[in-house]
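Participant: missing the sequence, but the structure's below:
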């Protein structure tokens, strides 16, 4: 029977051939009407003649007798066709209901009649096949297209013309002919569809494809104003029934789909202002976004419409209705999640998703006008916003987290009070319960592991991933920052997944907070301000079962010594962890500012100590007992603060790198100001550094020497001198009152240099700086009268210009190929009896032996770190580069040796210059263009020697060299390509741990050169690089080159089989032998007889 009914529906809805039509249609509309009329006549004929349709005809007549809306004499062809479809659909629904009722009343089979376990159970009669569902779907589409959409008011729902070509044709046909009793026909269609939807199998087909049209029809039937012509023939009871049906439908359907359809019904984005006045936040759009668009479609487009087509403007009553219904959806349990899913489902994380997230955030943070108060709205919505942070699915979690983060940031900006009450306080509640104030109010202040882990994760998502460090958020985080730091200290002692989030949270606050707030937080975390511990005294963090942490009660220590040791060790560990955090702030001025602030505090403490000593001399006879007690306790507290200050300073000096502490010249100047001010304390009383404390005296001398070194540097700017202006008062005090004559003279000279902005500069300022930074020299010079200072300085300067004779007596490595017989006279230079300036002149002498000798002596001075050679480093470099272009081999080999020594002593600066010359040619103004290639090859020899001398520093300094050498393999000249490959072969085996990151690129380069290079010399060098790699790495080959070893092996085999050059084939065979030895040792390791003692757990 079910198949027969569906066959009848198929007869009614199948396409009709043009030959079956009586007259040729003049238009598409006439063809459509003719096809509908022909199918209806064909169905009636088969129902009357076919015996297989007898049951269908009988059941159809029963349904027709109970349908008061059916009219057989209608002249409207589309409506007559819709009536037949509705009648057959009701017939199918009644039949399936009866069959389903009988199926449910049928008793289950007895145990004896049970089938095997592999047999499937009997299907209920309402299960339809794919073909049957397709037929039923076609009938529903005809009903909606001909019996529902044409009777909707303009602006209600998505127009038919924007769905398909068939819809456009239907729309034109109905616009041409006026339709009477539109409201009654629309009500009839809706009654039948809702009656069919009572069966689950039919409801799925109706609502999955036509939910928007059904909702549009119910909205029009129930809420359209009565003044409309189409609604005058409906009674109030019928309108009320439609309203109830709409409410029931909205409750039953999946809420994100309902919200999507309501957004589409609301109309295009042009009416956003009017919509906002009707419903508030549910229709409010963020700037540049369109939240009413269907998921996956363009903003303002409807499903099935052409891309970029805008929705039609909806009537005012429909906009207000959709706004109210959307607000109701939002205020329901899990309403926020439904709104987010409706707008974001189907997104792939592109730019449109960011705009949609911004739109949803604006919707959530603005209360709709239907709410009684904003506070009640936020009380209901904010917990759901926080729940968006806790999803596990990766894509969904990313989008929901984006919405939650943006919503919180917008609410903090728009409603700070509501954000703190409803979002920030619940979010940070587990951390607040770990504070001392919270534990005093709660006797059992324990925080479970899952709660604490979730809180840290949420804080990380909002403050770190959200990447919007506003002042309000940072202030809220500042309240729980000590607890986060205490938790971080705990995770550093254990294996915990909370370590990285806690570290990122702390670094985010310290790097984005205001400098004053960040310094205050550092003082608090270091124990210099407030309580040292970030948690309560009777609570502590303990490991959790899932790798997290939980807050539990601390066990009381019975012994005072144990309690004291636990306290001191905990404070020491907190300081060590804080220093590790400061080391991570390499690009921030905060560590240096904190260090300078500690130094200023140390100077203040020194002045306070003198005042305390003066007060103690007054006696306590005139004080009361309470005043004496307060004085004693205050003095003890101040001494404890000074000790804590010294401890923090000592930890910073020991653990934090100097490049992090003083990374700017202004910070160095501030350091000198604090150092000199501390040295000036007590000079008026005659107990300055020179008399009382030798350590402070040496420190002052080295500090003054550092300042002299800065002032003797090249080309200080006016800003640098302006920042040093604060040094003038303490320098004046030292020059007048310090006990050391040398310090007085040096301070006076430095003050004059700063005051004149370098216009006045003493002759021996650099030598005085060297002597002042040597404590032993300073201690010897303290007993020398002032009249002898000048002579001593001259002698010290002369001694520094001449290197010690003993190293120069040894034979230097100056025998190079091509040197000829000149090596006998110049290979053993004696001690340089001439000044350094004379050596620089001789290095430019036209006489080749004189020039070579001077270059060798300069090389030895560079190797021995001679102070004058270090000071004139730029001139020495220029000399070596100029002599590198000399035509005599002895001269340019000496220059190569000198440049290699310079690169070994000052790699950061020299290697950069050499790499630039190797890559682009010589950069000296006097360079000869015709000799550019030859000079580049000489620079390559220098780089090869520097690579050999790097040793353990090769992983650090070798990365730029590898990049330049790899670029050199693509140079047009084959000699440069071969030189680059030779340098790669020398450098790569020394990279050790840094080589795996470059292995893939290196392998691709070598393989390509081996197979595509035309020059045999370059192919030989490529194979030789592989040989050097295998020989240098030896047993580490399988670890370092594990990803590319197979590619290198195939390249070597290709050379052996296909390369025409015999030398390249020989190199490949040698490389294969090296690889064979490596793999043999890896597969068959050497057996060692040794004993192992294993301690079982």
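Facilitator: Received, thanks. Remember, predicted model here, so these are calculated numbers, not experimental data.
Participant: which stretch of helix or strand covers the closest residue to residue 1001 other than its chain neighbours?
Facilitator: Distances taken as CB to CB, 6 or more residues apart in numbering place residue 966 nearest to residue 1001, at 6.8 Å, with adjacent residues excluded. (C-beta placed from N, C-alpha, C; glycine too.) Using DSSP states H and E, the secondary-structure element containing residue 966 is helix 954-968.
Participant: residues of the helix or strand following that helix that come out buried?
Facilitator: Toward the C-terminal end, the helix or strand that comes next after helix 954-968 (DSSP H and E) is helix 974-987. Applying a neighbour-count criterion of 16 or more other CB atoms under 10 Å, one finds 975-987 buried in helix 974-987.
Participant: quick one: residue 325 from residue 219, how far?
Facilitator: Using CB to CB, to the nearest Å, we find residue 325 at a distance of 9 Å from residue 219.
Participant: residue closest to the middle of this structure?
Facilitator: residue 465 (7.0 Å; CA atoms, centre = their mean).
Participant: I figured residue 652 hits residue 579, correct?
Facilitator: Yes: counting by CB atoms under 8 Å, residue 652 does reach residue 579; the two are 6.5 Å apart.
Participant: which residue ranges form the strands in the stretch 551-700 of the chain?
Facilitator: With DSSP state E, counting those that start in this stretch, there are no strands along the stretch 551-700 of the chain.
Participant: where along it do the helices fall?
Facilitator: Here the stretch 551-700 of the chain has its helices, by DSSP state H, counting those that start in this stretch, at 560-584, 590-616, 625-655, 658-661, 665-680, 694-711.
Participant: And for residue 1028, the neighbour number?
Facilitator: For residue 1028, the count of nearby residues is 19 (other CB atoms under 10 Å).
Participant: cool, residue 678 as well?
Facilitator: A count of nearby residues for residue 678, using other CB under 10 Å, gives 23.
Participant: if I look at it, how far off is residue 671?
Facilitator: Here residue 678 is placed at a distance of 11 Å from residue 671 (CB to CB).
Participant: residues shared between the contacts of those two?
Facilitator: Common contacts of residue 678 and residue 671 (CB atoms under 8 Å, 6 or more residues apart in numbering): residue 599.
Participant: which residues in the stretch 201-350 of the chain form helices?
Facilitator: Counting by DSSP H, counting those that start in this stretch, the segments of the stretch 201-350 of the chain that form helices are 236-252, 255-265, 272-279, 316-331, 335-344.
Participant: picking up where we left off before, looking at it, the residue nearest to the centre of the chain is touching residue 398, isn't it?
Facilitator: No: Residue 465 is beyond contact range of residue 398, at 9.6 Å (criterion: CB under 8 Å).
Participant: gap between the helix holding residue 966 and the chain center?
Facilitator: The offset between the C-alpha centroid of helix 954-968 and the centroid of the whole chain comes to 28 Å, using CA atoms, centre = their mean, to the nearest Å.
Participant: Does residue 125 touch residue 104 like I think?
Facilitator: No: between residue 125 and residue 104 no contact is recorded; they are 10.1 Å apart, counting by CB under 8 Å.
Participant: The two: which is more packed in?
Facilitator: Neighbour comparison, residue 125 and residue 104: the larger count goes to residue 125, with 18 against 8 (by other CB under 10 Å).
Participant: Now that one: closest residue in space that isn't a chain neighbour?
Facilitator: Nearest non-adjacent residue to residue 125, counting by CB to CB, 6+ apart: residue 99, 3.8 Å away.
Participant: Let me see the contact set for that neighbour.
Facilitator: Residues touching residue 99, when contacts are defined by CB under 8 Å, 6+ apart, comprise 1-2, 125-126.
Participant: among these, which are in strands?
Facilitator: Within the contacts of residue 99, membership in strands is found for no residue, as judged by DSSP state E.
Participant: among those, which one has the lowest pLDDT?
Facilitator: Among these, residue 1 has the lowest pLDDT, at 73.
Participant: so where is the stretch 901-1050 of the chain shaky, pLDDT-wise?
Facilitator: Screening the stretch 901-1050 of the chain residue by residue with the criterion pLDDT under 70, one finds the ranges 923-931, 956, 992-993.
Participant: Perfect, that will be all.
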